[in-house]
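Chemist: Turn this into a structure:
(chains A, B and C)
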Amino acid sequence: PVPPGVLPLCRRPPAWGRGTQQLPSLPLAPCRAFSNSKILVELDESSGVATMKFKSPPVNSLSLDFLTEFCISLEKLENDRACRGVIFTSAVPKIFSSGLDITEMCGKSTEHYAEFWRAVQEMWLRVYGSNMVTVAAVNGSSPAGGCLVALSCDYRIMVENPKFSIGLNEAQLGIVAPFWFKDTFVNVVGHRVAERSLQLGSLLPAPEAHKFGLVDELVPEEKLLEKAAAVMAQWLALPDHARQLTKSMMRKAVLDRLIAHREEDIQNFISFVSKESIQKSLRMYMEMLKRKKS
Amino acid sequence: PVPPGVLPLCRRPPAWGRGTQQLPSLPLAPCRAFSNSKILVELDESSGVATMKFKSPPVNSLSLDFLTEFCISLEKLENDRACRGVIFTSAVPKIFSSGLDITEMCGKSTEHYAEFWRAVQEMWLRVYGSNMVTVAAVNGSSPAGGCLVALSCDYRIMVENPKFSIGLNEAQLGIVAPFWFKDTFVNVVGHRVAERSLQLGSLLPAPEAHKFGLVDELVPEEKLLEKAAAVMAQWLALPDHARQLTKSMMRKAVLDRLIAHREEDIQNFISFVSKESIQKSLRMYMEMLKRKKS
Amino acid sequence: PVPPGVLPLCRRPPAWGRGTQQLPSLPLAPCRAFSNSKILVELDESSGVATMKFKSPPVNSLSLDFLTEFCISLEKLENDRACRGVIFTSAVPKIFSSGLDITEMCGKSTEHYAEFWRAVQEMWLRVYGSNMVTVAAVNGSSPAGGCLVALSCDYRIMVENPKFSIGLNEAQLGIVAPFWFKDTFVNVVGHRVAERSLQLGSLLPAPEAHKFGLVDELVPEEKLLEKAAAVMAQWLALPDHARQLTKSMMRKAVLDRLIAHREEDIQNFISFVSKESIQKSLRMYMEMLKRKKS
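Modeler: Sure thing, here's the model as predicted:
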């Protein structure tokens, strides 16, 4: 379940937190499909399964806008009794999500860094702590924060294309994955693989990712959504209440750790990202990406 | 070792706890074989190995009577210097143990629920914390509490028959495995497999159970006890004292966690099982089992 | 990073701890190669990689002298800006290291036991907490403390010869691996494998060690150092700072646990090793080794 203490998003007033259950600006009827500028959501009411498609080209980077829309969409589904599970996938070819948007970390104000990092935390708290069944249908590469989204789901299916890779590659950019990225990773792949992969900033091609347990299953691209639906049906065959309490029992310790250190974690991010050396290496990385594109 | 603070069973007065070493009603000579209504125990004094055979048809369910006899038998062996290891197996075809007896949880008094749950805890504390080498020779299906008995041993051998399955399937009944079931499971199969299996209430056929590490080895049915004896001999080749201290070092944290929260865990069970919704789903489950039989 | 609170070695006065950075008797120029009576160190300044070769025949046992020289050599490299990674290997055929030197634990004074155990702790704290990339090139058998050295590295490569075995086999000698050996082991192979291997005191032939994740990779003997260099180059391609912080994040909890209980751990060792029963079994073990040799 979404843990107690999760703050409402501070970006879209008025906040409609879970505690209050007041949804002033929303229709009372359950939603069938809705879309905002970066995410397309389709809810199949007969199955109770929603699909969230990331459509923020070129690479579905997790900008502040994206994260805000992501959290709003997810909360909308979480509060919708017709929705019991959600599949995350990409509407952009070859990429699931490229992870945190580096432009949000470059040359901005302290306040901006704080707002951005709080939104990153919020996304993880909502996905990792979701009451719904969450399945990642990874249809493209998924580095860093993109990998975190997949790791935070209940189950990960990836297209078997070895050109698609996935991993927490922060170390390659000279930055360090936060402790809660690490905790989530260790829970999925165990300590030894997590330690090595994090130190090397490994991006694993789909077959290797499967071998190490980073993804649970590989399928041909054309079978991905069908397979995701089949997996979802298997999970939804269980009574929600017992499944939710079980999930909470498994994840509570790691969720609580961020909740207890949330402000400290924001301050750490700010002081880290504000360093001139880090700013410089992020600028260099962005330059490299631009040159690559052209 | 059996952790300090383990309360004596409250069902058979006078209690003959480990601390006191007073066994008023027992013969002083070491036992060779003894039996009670639900469990047959044979001790081979030349090897120091006892075999505990569950013989409580139709499905070796863990009733209050069964648990009480189980704990008394195990304590008897634990205190017998001629006994260094114990093999658990079933005398009932096709089933190792079906787990907790649902009739003990249906339409009974609060006092009964408390007594029953304390006996379940006691069984786990004694097996998981046993000073003896413990080997599960799983010769049939082993859901829920039956799986817990196997998980609590030092080593698990299962008949390779894919019709036999094993797992903590509580979620399928709409109930949640207690935290110490979960801790034991995570210690055996790791976090990811435990999280998925517990949420899905998975019962794995023997070959899959082996693949995921839930059992250590598969053998043909006719070789099971021979193999269990061979494994036991390998473990007993080690000096007891070092092995016992090592086992305690590995398991102490998880044992201590239940010991510290034992009464709270009993209260949780009572308030959970007393809910009308849970009573209803347990009654429905029992109806289904009865229809299946006839 | 080497954790705060690591005491300087008390054996070579004056102590040249990391805190002080005073290296009174050392040349100021970075070392290319140095040697002491038990360890040969070669530093390739072009790659930034040092190789520490154990040359203490017949079996590279971890005597107080060996440990002291090991820690001094390692600290020298740790403080040398030209050195970013270190490969541990053996100059003695067929053996990587036989582990703790039993003669240091037999018939000595309490003070000696304390000094010896502090040196064992120091070695582990320095290797497990090293800022450098550490690779074990295991070219021979590696029981007990020898295995610990390998487990404490970032990566383990072993010669594929099944005659070479590795493991924490303390239980076979009637002794118990300390909790920090266990913590390190669990981090590498997980709880279930660690629990079984520690209780059985298993020495695994190289192919099995690889299967259980105790070593990361097997190679033919003649390719060992080449492979170690290739692996090292891969790790050194990452920026040091992010890699070091990541490593620290992964290992801090386990390092801190020994640091917090260091004196208690020494007292435990002393009272254990001072027991007549333990002294007797160690003497018997040494006798057996002597008979084997002749």
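Chemist: so where does the residue in the stretch 51-200 of chain A that chain B sits nearest to fall, helix or strand?
Modeler: Across the stretch 51-200 of chain A, the shortest distance to chain B (C-beta to the nearest C-beta) belongs to residue A:187, at 4.5 Å. (Each C-beta comes from the backbone N, C-alpha and C, glycine too.) Per DSSP states H and E, residue A:187 falls inside helix A:179-189.
Chemist: Report pLDDT for the residue of the stretch 51-200 of chain A closest to chain B.
Modeler: Looking at residue A:187, its pLDDT is 98.
Chemist: hang on, the earlier thing: wondering if the helix holding residue A:187 reaches chain C at all.
Modeler: Yes. Using C-beta under 8 Å from any C-beta of the partner chain, helix A:179-189 comes into contact with chain C via A:179, A:182.
Chemist: Remind me what that helix packs against, helices and strands.
Modeler: helix A:110-128, helix A:144-151, helix A:191-200, helix A:240-260, helix B:191-200, helix C:240-260 (3 or more C-beta pairs under 8 Å, 6 or more residues apart in numbering or on different chains; DSSP states H and E).
Chemist: most tightly surrounded among the ones you listed?
Modeler: Per-residue neighbour counts averaged over each of the helices and strands packed on helix A:179-189 give the maximum for helix A:144-151, namely a mean of 26 (mean count of other C-beta atoms under 10 Å in any protein chain shown).
Chemist: Sheet-wise, list the partners of the helix or strand following that helix with their directions.
Modeler: Remark: after helix A:144-151, the chain's next helix or strand is strand A:155-159, criterion DSSP H and E. Sheet pairing here is set by DSSP bridges, and for strand A:155-159 it gives strand A:133-138 (parallel), strand A:217-219 (parallel).
Chemist: who does the helix or strand following strand A:155-159 pair up with?
Modeler: Proceeding C-terminally, strand A:155-159 gives way to strand A:165-167 as the next helix or strand, assigned by DSSP H and E. Listed by DSSP bridges, the sheet partners of strand A:165-167 and their directions read strand A:140-143 (parallel), strand A:204-205 (antiparallel).
Chemist: Please state the offset of strand A:165-167 from the chain centre?
Modeler: Between the centre of strand A:165-167 and the centre of its chain there are 14 Å (C-alpha atoms, centre = their mean, to the nearest Å).
Chemist: what mean pLDDT would you report for that strand?
Modeler: Confidence over strand A:165-167, taken as the mean pLDDT, stands at 98.
Chemist: Name the residues of that strand that come out as buried.
Modeler: Within strand A:165-167, the residues that count as buried by 16 or more other C-beta atoms under 10 Å in any protein chain shown are A:165-167.
Chemist: follow-up on the earlier one: now do the contacts for the nearest residue to the residue of the stretch 51-200 of chain A closest to chain B once chain neighbours are set aside.
Modeler: Ranked by C-beta to C-beta, 6 or more residues apart in numbering or on different chains and with sequence neighbours excluded, the top spatial neighbour of residue A:187 is residue B:191, at 4.5 Å. When the contact criterion is C-beta atoms under 8 Å, 6 or more residues apart in numbering or on different chains, the partners of residue B:191 are A:186-188, A:190, A:250.
Chemist: For those, work out which two are farthest apart.
Modeler: Spatially, the most separated pair among these is A:190 and A:250, at 14.8 Å (C-beta to C-beta).
Chemist: Quick check: buried residues in stretch A:89-102?
Modeler: A:89-92, A:95-102.
Chemist: just to revisit the earlier point, among the strands paired with strand A:155-159, which is nearest residue B:70?
Modeler: Taking C-beta to C-beta as the criterion, residue B:70 comes closest to strand A:133-138 out of the strands paired with strand A:155-159, the separation being 36.9 Å.
Chemist: contacting residues around that closest one?
Modeler: Contacts made with strand A:133-138 from outside it, assessed by C-beta under 8 Å, 6+ apart, are listed as A:84-89, A:96, A:127, A:149-150, A:152-159, A:164, A:166, A:215, A:224-225, A:227-228, A:231-232, A:235-236, A:243.
Chemist: how close does the most centrally placed residue in chain A get to residue A:41?
Modeler: The central residue of chain A, meaning the one whose C-alpha is nearest the mean C-alpha position (C-alpha atoms, centre = their mean), is residue A:149 at 2.4 Å. Counting by C-beta to C-beta, to the nearest Å, the separation of residue A:149 from residue A:41 is 15 Å.
Chemist: what does residue A:48 give?
Modeler: Taking C-beta to C-beta, one finds residue A:48 at 14 Å from residue A:41.
Chemist: Residue A:98 too?
Modeler: For residue A:98, the distance to residue A:41 under the criterion C-beta to C-beta works out to 21 Å.
Chemist: next one: residue A:99
Modeler: The span separating residue A:99 from residue A:41 equals 21 Å under the rule C-beta to C-beta.
Chemist: ok, now residue A:238?
Modeler: For residue A:238, the distance to residue A:41 equals 24 Å [C-beta to C-beta].
Chemist: cool, residue A:169 as well?
Modeler: In this structure, residue A:169 and residue A:41 are separated by 28 Å, where distance is defined by C-beta to C-beta.
Chemist: Then residue A:56?
Modeler: 14 Å.
Chemist: now residue A:96
Modeler: From residue A:96 over to residue A:41 the distance is 17 Å, taken as C-beta to C-beta.
Chemist: Kindly report the same for residue A:178.
Modeler: In this structure, residue A:178 lies at 27 Å from residue A:41, with C-beta to C-beta as the measure.
Chemist: do residue A:193 as well
Modeler: When C-beta to C-beta is the yardstick, residue A:193 and residue A:41 sit 33 Å from each other.
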